[in-house]
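> heads up, no residue letters with this:
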């Protein structure tokens, strides 16, 4: 059995009600649900939430709801803990899982084909812990990151020496090679990743240690309103609407 688990809560402060924000005529959370429901390999789809609107969306799309406890629905609560709770409820009700497909209500940049590709990659490679969607964002290389110091001025976020000889560094955004970010579109994981979370690689410990990249373009999870335009671009380009 392979279950998909979509998580989302109602208390967002940075972008209130983002999960239900209309994008191209449908709520943002509809898209990850649709991708999972359309998979030829996913057996069941679940949503973990404390939001009445998301519960209704789940019901309307024949998705089973897992009530997200109050302690996992706070601003401080970690998504990884919500995933573990949801997984435990799935196993309790439906038994052992071959894989778990982890999705976010605020990330529409996932396709059914990507989910199936991740499942097939794990079946083919037993040593892999997970298969995760990633996007190349060379403009966000750690080399370019800055922080504001106590003096009120900009300073390197990471010491330049981490990247090699500072004399050989330059402003070319591609000079350090391609920079990939887990874009939160999808994580297909083996159960042990959720059962032994502390052994996972930071910062998304649910991915385990051996992570296979599902490379795509312009993936993102929506935390700010300006990302709506990027998500619409992605949906149109990938034929998801």
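Looks like it came in fine. This one's a predicted model, so the numbers in the text were calculated from it and none came from an experiment. Residues are numbered from 1 along each chain as shown.
> longest strand of the protein?
Counting residues, the longest strand found in the chain (DSSP state E) is strand 180-189.
> Which neighbours in the sheet does that one have, and how are they oriented?
According to DSSP bridges, strand 180-189 has the following sheet partners: strand 99-104 (antiparallel), strand 130-136 (antiparallel).
> Geometric centre of this structure: which residue is closest?
Central residue check for the chain by CA atoms, centre = their mean: the C-alpha nearest the mean position is that of residue 184, 2.1 Å away.
> Pull out the buried residues from the host helix or strand of residue 230.
Following DSSP states H and E, one finds residue 230 within helix 227-237. Residues of helix 227-237 classed as buried by neighbour count (16 or more other CB atoms under 10 Å): 227, 228, 231, 234, 235. For the C-beta atoms, the positions are set from N, CA and C on the backbone; glycine is no exception.
> go on, stretch 78-93?
Quick answer for stretch 78-93 (16+ other CB under 10 Å): 79, 80, 82, 83, 84, 85, 86, 87, 89, 90, 91.
> so which of the residues you listed comes closest to residue 146?
residue 79 (26.6 Å; CB to CB).
> contacting residues around that closest one?
Residue 79 is in contact with 7, 104, counting by CB atoms under 8 Å, 6 or more residues apart in numbering.
> Quickly note the distance from it to residue 1.
Distance, residue 79 to residue 1, using CB to CB, to the nearest Å: 23 Å.
> Tell me how far the helix or strand just after the longest strand of the chain lies from the chain's centre.
Sequence-wise, the next helix or strand downstream of strand 180-189 (DSSP H and E) is helix 191-195. Computed by CA atoms, centre = their mean, to the nearest Å, the chain-centroid distance of helix 191-195 equals 16 Å.
> which residue ranges form the strands in the protein?
2-7, 22-23, 26-27, 44-49, 64-67, 99-104, 130-136, 146-148, 154-156, 180-189, 211-216.
> Listing partners with orientation, what would you give for the second one?
If you go by DSSP bridges, strand 22-23 pairs up with strand 26-27 (antiparallel).
> hmm, who's touching the strand it pairs with?
Strand 26-27 has contacts (CB under 8 Å, 6+ apart) with 19, 20, 21, 57, 241.
> pLDDT (mean, whole number) over it?
For strand 26-27, mean pLDDT rounds to 96.
> just stretch 189-209 next, same as before
Computed over stretch 189-209, the average pLDDT equals 97.
> contacts for that stretch?
Taking CB under 8 Å, 6+ apart as the rule, stretch 189-209 contacts 80, 83-84, 87, 91, 96-97, 99-100, 102, 122, 128-130, 132, 182, 187, 211.
> how does it look with 6 Å?
Stretch 189-209 is contacted by residues 80, 83, 84, 87, 97, 100, 129, 130, 132, 182, 187 when judged by CB atoms under 6 Å, 6 or more residues apart in numbering.
> can you tell me which residues contact the second one?
The contact partners of residue 83, taken as CB under 6 Å, 6+ apart, are 102, 206.
> Much appreciated, bye for now.
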